[in-house]
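Chemist: Quick one: sequence and predicted model below, then my questions.
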Amino acid sequence: MKRRGLLLVVCGPSGVGKGTICKALADKNAEIFLSVSVTTRKPRNAEVDGVSYHFKTEEEFKEMIRHDELFEWAVYCNNYYGTPKKYIMEMLQRGQDVVLEIDVQGALKVKEHFSEGVFIFVLPPSMEELKKRIEGRGTETKESIVERLKRAGQELKLTDAFQYIIVNDELDHSVKTLEAIIIAEKCRSERNQEIIKGVLENDISVH
Ligand code: 5GP
């Protein structure tokens, strides 16, 4: 029997390395699909339209909101970010697991209307290390770094809304932890009701 896919919502402050963890997870597991968000942020150097993000104008983004094409959306440091709805719903229906790498506001909105999702927060080992990682990326202006760190402080206060915490100290270990979470979540009894029903229907002891 084909199970519906898992929706994994991976959050954490900018620069914590959640994108790297999610990409490594998808590279190792063919059944995992990474959602590509829509944003009004300008592309960074190596970012490719349709791969890193779908880059849109504010007008185009607002048009998507009006047409109810987004699963969730949020404003982050003066730019809009959102998850296209149609594609992820199709993937989940097909039994494919979908990863959303989004900010905390977006995750809280998803939790309201999709509580069967798995909500994971990636923590930095320390705020000093987070600052080093954002600066090391070399993609942000001084103001943007300050704003992102301020935002990180606010996001860290909301970790209670998440079921799992991964401290991203070492990439391999973080990916293995995420894989363990996925395995455990797939074994939850509430996700296996159809399978239990199927086994009971074929119960030879009652015939
Ligand atoms: P960045 O500009 O560094 O690529 O992303 C800034 C923040 O926006 C990150 O925390 C990232 O996870 C979040 N983000 C990316 N895509 C989405 C999305 O579709 N929805 C929401 N709510 N946040 C997103």
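Modeler: Nice, I can see it. Numbering: from 1, shown residues only.

Chemist: From the ligand, how far out is residue 71?
Modeler: Distance check for residue 71 against the ligand: by C-beta to the nearest ligand atom, to the nearest Å, it reads 8 Å. From N, CA and C alone the C-beta is placed, and that goes for glycine too.

Chemist: just checking, that residue touches residue 110?
Modeler: Yes - with contacts defined as C-beta atoms under 8 Å, residue 71 counts as touching residue 110 at a distance of 7.1 Å.

Chemist: These two: who's more crowded?
Modeler: Looking at residue 71 and residue 110 with other C-beta atoms under 10 Å, you find the greater number of neighbours at residue 71, namely 24 against 20.

Chemist: coming back round to it: which neighbours do residue 71 and residue 110 share?
Modeler: Contact criterion C-beta atoms under 8 Å, 6 or more residues apart in numbering; residues shared by residue 71 and residue 110: residue 100.

Chemist: Tell me the secondary structure at the residue in the chain that the ligand sits nearest to.
Modeler: Checking the chain residue by residue against the ligand with C-beta to the nearest ligand atom singles out residue 106 as nearest, at 2.3 Å. For residue 106, the secondary structure call by DSSP: H, G, I helix; E, B strand; the rest coil comes out as helix.

Chemist: isn't it right up against residue 83?
Modeler: Yes - contact criterion C-beta under 8 Å: residue 106 and residue 83 qualify, at 7.1 Å.

Chemist: Burial check on residue 146, number of neighbours?
Modeler: 13.

Chemist: secondary structure element for it?
Modeler: helix 142-156 (DSSP states H and E).

Chemist: residues of that helix that come out buried?
Modeler: Buried residues in helix 142-156, counting neighbours by 16 or more other C-beta atoms under 10 Å, are found at 145, 147-149, 151-152, 155-156.

Chemist: for stretch 77-93, same thing?
Modeler: Neighbour-count burial for stretch 77-93, with 16+ other C-beta under 10 Å as criterion, is recorded at 80-85, 88, 91-92.

Chemist: One more: stretch 40-47?
Modeler: By neighbour count, and taking 16+ other C-beta under 10 Å as the criterion, the buried residues in stretch 40-47 are 40-41.

Chemist: Now the terminal residues of it, how far apart.
Modeler: The separation between the terminal residues of stretch 40-47, taken as C-alpha to C-alpha, to the nearest Å, is 13 Å.

Chemist: and that stretch, anywhere near the ligand?
Modeler: Yes - Stretch 40-47 lies within reach of the ligand by C-beta under 6 Å from any ligand atom, at residue 41.
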